[in-house]
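J.: Quick one, structure for this:
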Amino acid sequence: MSIAQILKIIRDHTGSHASDTVKITHQEVVDMIAAADENGFIPIRARSLLLEALTTFGGNEIHPDIFSSPEDKAAIGAAAIKGIETADKFAKLPPKSQLKFIKSTLALFEGGSVGFSSSVLRAVPADVQTKIDAVLRSVERRAGQSISGTPHTTVRAFVRNAQPYGYEGTAFWESTVEAGGTFFATFYLGPSGDLLQVSTDEEPPDDG
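T.: Numbering: from 1, shown residues only. Now for the predicted structure:
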């Protein structure tokens, strides 16, 4: 099996096939879990799809839970975080895998069904702030004279069981290239605050 099987089952119960009364069968749950497993390892894409299934079919304010049993629902969640049940385990993944999980799952609010939460930090842990400051200095060096002022920075933490799995941050400067424009950076950090990715862009001034 492959993750294509997970996609097929999701599609069989969404779109024109969506129904609040047609259950996700036990066999479909077994098949999704088997399709996610690659010789004992769960790839990030498979984790994201399992969490998508859990979020889509596990019940919300509009649609009921359509899993056949609480045990099936729990099994999907357990498979999705197998091997990353703690932040220490997550930190052992390659940086690219950490980044992909944070961006494709946690930053899109797909982890709430298995205990993840996110919040904007009023106070960033000192060790993490030190690493963020280094990222911002690097961005400022590369931008040179095209930006000015002190950046306005927002940092969001992704947490499970009081353990940080990573951080997403944005920083904004005034652009000196175009009056009224904004230069900004988006950055992602791992559990210990180590940089996973930083990207920059500019926004033109608001014509309104």
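J.: before we move on, which element is residue 186 in?
T.: Per DSSP states H and E: residue 186 is located in strand 182-189.
J.: can I have that strand written out in PDB, keeping just the CAs?
T.: Written as PDB, here are the backbone C-alpha positions of strand 182-189 (Å, rounded to 0.1, in the frame of the first residue of the first chain):
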ATOM      1  CA  THR A 182       7.000  46.700   4.000                       C
ATOM      2  CA  PHE A 183       9.900  44.200   4.000                       C
ATOM      3  CA  PHE A 184       9.100  41.100   5.900                       C
ATOM      4  CA  ALA A 185      10.700  37.800   6.900                       C
ATOM      5  CA  THR A 186       9.000  34.500   7.800                       C
ATOM      6  CA  PHE A 187      10.900  32.000   9.800                       C
ATOM      7  CA  TYR A 188      10.500  28.500  11.300                       C
ATOM      8  CA  LEU A 189      12.400  27.100  14.200                       C
END
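J.: who does that strand pair up with?
T.: Each strand paired with strand 182-189, and its direction, by DSSP bridges: strand 163-175 (antiparallel), strand 195-203 (antiparallel).
J.: Reformat these as CSV; add mean pLDDT.
T.: CSV is the format used below for the strands paired with strand 182-189 (pLDDT from 0 to 100):
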stretch, mean pLDDT
strand 163-175, 96
strand 195-203, 95
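J.: Averaged pLDDT, the helix ranked longest in the chain. What do you get?
T.: Determined from DSSP state H, the single longest helix within the chain is helix 126-143. Averaged across helix 126-143, the pLDDT comes to 96.
J.: Next: stretch 71-85.
T.: Per-residue scores along stretch 71-85 average to 96.
J.: Can you give the contact residues for it?
T.: 24, 26, 29, 32-33, 36-37, 41-42, 47, 50-51, 53-54, 58, 65, 67, 89-90, 93, 101, 113-114 (Cβ atoms under 8 Å, 6 or more residues apart in numbering). Where you see a C-beta, it was placed from the backbone N, CA and C, and this is true even at glycine.
J.: Helices - which of those residues land there?
T.: 26, 29, 32-33, 36, 47, 50-51, 53-54, 89-90, 101.
J.: could you flag which of those residues are buried?
T.: Applying 16 or more other Cβ atoms under 10 Å to the ones in helices among the contacts of stretch 71-85, the neighbour count classes 29, 32, 33, 36, 47, 50, 51, 53, 54, 90, 101 as buried.
J.: how about the nearest residue to the last one, chain neighbours excluded?
T.: Once its chain neighbours are removed from consideration, residue 101 has its nearest residue in residue 44; the separation is 5.0 Å (Cβ to Cβ, 6 or more residues apart in numbering).
J.: That'll do, ta.
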